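K.L.:
Fold the following.
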Amino acid sequence: MNNFRIPTSVRRLCAALLVSGSFAASQISAQAEELTVYSAMAKEHFAELIAAFQEREPDLKINQLLDSNGPIIARLLAEKENPRADIILGASVPGLVMLEEKGMLMPYAPDGLDQIKERFYDRKSEVPHWVGTDAWASAVCFNTIEGVNHNVEEPTSWKDLIKPEYKGMITMPNPNSSATGLLAIVGWMKIFGEDEAWTYMDGLHENIAQYVHSGSKPCRMAAAGEAVIGIAYPAPGVKAINDGAPLSVVIPEEGVGSEVEGVAIIAGAGQPEAAKRLADFAVSQEGNQIHNKYYALVAREGVSTPVPNYPEGEEKALVDMDFYWVAANRDRILAEWQKRYGAKDEPK
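P.N.:
Numbering: from 1, shown residues only. Next comes the predicted model:
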């Protein structure tokens with residue numbers, strides 16, 4: 001047998017290639033463990049959900065961008081040709097529909113989709129482009145102490161809010177910034193009809209002190225006594241009540257528009273597999289139990305823990321919403337709204 005020895009130079013080259021290959025593999029591995037999440041969820045809700053997810057995925061680095069729904073959707077549209085996000089979490093369904101119709105969402109059926117209520121996912125496609133996590137409705141937050149101080153009674157209806165005694169006492173979200181603001185508007189259009197809804201908003205505008213750029217801020221302002229009334233949704237008002245604020249949360253008697261908040265994977269995502277795992281968790285039993293801490297209405301069947309001080313009658317008061325109509329008419333409605341009422345916007 002011949003004793004063949006590999007030259008030292010060749011051995012060094014092989015060793016270098018092995019080190020280089022190992023480094024490249026480690027780089028690919030590191031890249032595979034990074035996920036970029038855009039979210040319009042409330043900060044506390046998002047933080048709790050992601051913390052629970054990371055208990056399952058401790059090696060996954062998560063980059064996050066949180067903002068109101070309008071800026072998040074606008075950013076995604078601006079990044080269409082070069083997506084930076086892998087997944088969007090907690091966006092309003094009309095915004096997700098807009099992205100879907102522009103081909104910006106990757107179809108994906110998360111694990112446990114068969115446990116999700118029908119109104120909570122995209123049923124126009126064989127494989128859904130988006131799946132809901134929770135839902136909320138418009139509501140009115142009323143500071144009971146400030147009501148006494150200003151000698152005004154708690155409103156019970158939308159029409160009450162255009163009474164002259166509430167002049168300068170009301171805040172609501174700008175719908176160009178907040179899905180909650182848009183939710184209120186399209187809810188009024190469903191309840192009153194579009195023409196009457198604009199007439200209603202003309203009257204409401206007379207009583208508005210300011211339009212703010214956050215969906216939860218009107219209730220937080222009412223809780224702090226910075227406003228008597230805030231038009232928002234129940235969750236921030238309920239949290240304020242549970243924290244001791246002198247607040248009541250009213251479901252107006254005419255009915256309320258509803259919004260679904262959902263999760264979707266961005267088409268062209270750099271980390272689609274990690275995005276799928278987060279989507280799976282967001283619609284899971286554990287994920288929905290977390291959502292249920294913040295919203296009484298969640299997507300998964302059988303998850304329904306009562307939220308202390310949550311207003312009664314929300315689900316019965318919901319009016320049917322056509323999210324595809326909202327998406328198709330969104331730009332027209334927002335442009336008209338801004339033209340009529342934008343002079344009272346909160347400075348950005």
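
K.L.:
what's His150 sitting at in phi/psi?
P.N.:
phi -100, psi 0 (degrees, to the nearest 10).

K.L.:
contacting residues around the nearest residue to it once chain neighbours are set aside?
P.N.:
Spatial nearest neighbour of His150, chain neighbours left out: Val228 (5.9 Å); criterion: C-beta to C-beta, 6 or more residues apart in numbering. Glycine gets a C-beta too; all of them are placed from N, C-alpha and C. The neighbours of Val228, taking C-beta atoms under 8 Å, 6 or more residues apart in numbering as the test, are 142-143, 146-147, 150, 152, 166, 169-170, 222.

K.L.:
Helix or strand next in line after the lowest-mean-pLDDT helix or strand in the chain, which one?
P.N.:
Within the chain, no helix or strand scores below helix 8-32, which has a mean of 46 by mean pLDDT, DSSP states H and E. Downstream of helix 8-32, the first helix or strand assigned by DSSP states H and E is strand 34-39.

K.L.:
What pairs with that following strand, parallel or antiparallel?
P.N.:
Here strand 34-39 has these sheet partners by DSSP bridges: strand 61-66 (parallel), strand 87-92 (parallel).

K.L.:
hang on, the earlier thing: so which of the contacts of Val228 belong to strands?
P.N.:
142-143, 170 (DSSP state E).

K.L.:
so Glu261 sits in a strand?
P.N.:
Yes: assessed by DSSP: H, G, I helix; E, B strand; the rest coil, Glu261 belongs to a strand.

K.L.:
any idea how far Gly103 is from it?
P.N.:
22 Å (C-beta to C-beta, to the nearest Å).

K.L.:
Just confirm Leu49 contacts Gly287, I think it does.
P.N.:
Yes: Leu49 is in contact with Gly287 according to C-beta atoms under 8 Å; the separation is 6.4 Å.

K.L.:
what do the two both touch?
P.N.:
Shared contacts of Leu49 and Gly287, counting by C-beta under 8 Å, 6+ apart, come down to Phe281.

K.L.:
Could you dump the strands paired with strand 34-39 into CSV with distance to Arg330, mean neighbour count and mean pLDDT added?
P.N.:
Formatted as CSV, the strands paired with strand 34-39 follow (distance: least, C-beta to C-beta, whole Å; neighbours: other C-beta atoms under 10 Å; pLDDT from 0 to 100):
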stretch, distance to Arg330, mean neighbour count, mean pLDDT
strand 61-66, 22, 14, 97
strand 87-92, 10, 26, 95
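
K.L.:
Would you mind giving the ones you listed as JSON lines with distance to Ile73 added?
P.N.:
Below are those laid out as JSON lines (distance: least, C-beta to C-beta, whole Å):
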{"stretch": "strand 61-66", "distance to Ile73": "12"}
{"stretch": "strand 87-92", "distance to Ile73": "7"}
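
K.L.:
mind checking which of these is nearest Glu194?
P.N.:
strand 87-92 (19.7 Å; C-beta to C-beta).

K.L.:
Tell me which helix or strand comes right after the closest one, heading toward the C-terminus.
P.N.:
helix 93-101.

K.L.:
Report the inter-axis angle for that following helix versus strand 87-92.
P.N.:
130 degrees (axes from the mean of the first three to the mean of the last three C-alpha atoms, to 10 degrees).

K.L.:
Name the member of the contacts of Val228 with the most neighbours.
P.N.:
Counting neighbours by other C-beta atoms under 10 Å, the top entry in the contacts of Val228 is Ala222, with 33 neighbours.

K.L.:
Correct me if wrong: that one contacts Thr144.
P.N.:
No: taking contacts as C-beta under 8 Å, Ala222 lies outside contact range of Thr144: 9.8 Å.

K.L.:
Can you check which residues contact both of the two?
P.N.:
By C-beta under 8 Å, 6+ apart, the residues touching both Ala222 and Thr144 are Leu247.

K.L.:
Please report the number of neighbouring residues for the closest residue in space to Asn151 that isn't next to it in sequence.
P.N.:
The shortest distance from Asn151 to any non-neighbouring residue, by C-beta to C-beta, 6+ apart, is to Glu165 (7.9 Å). Neighbour count for Glu165, taken as other C-beta under 10 Å: 11.

K.L.:
I'd like the distance from Glu165 to Thr171, if you could.
P.N.:
Taking C-beta to C-beta as the measure, Glu165 falls 16 Å from Thr171.

K.L.:
Please apply the same query to Glu314.
P.N.:
Glu314 is 21 Å from Thr171, by C-beta to C-beta.

K.L.:
Same question for Lys124.
P.N.:
Taken as C-beta to C-beta, the span from Lys124 to Thr171 is 36 Å.
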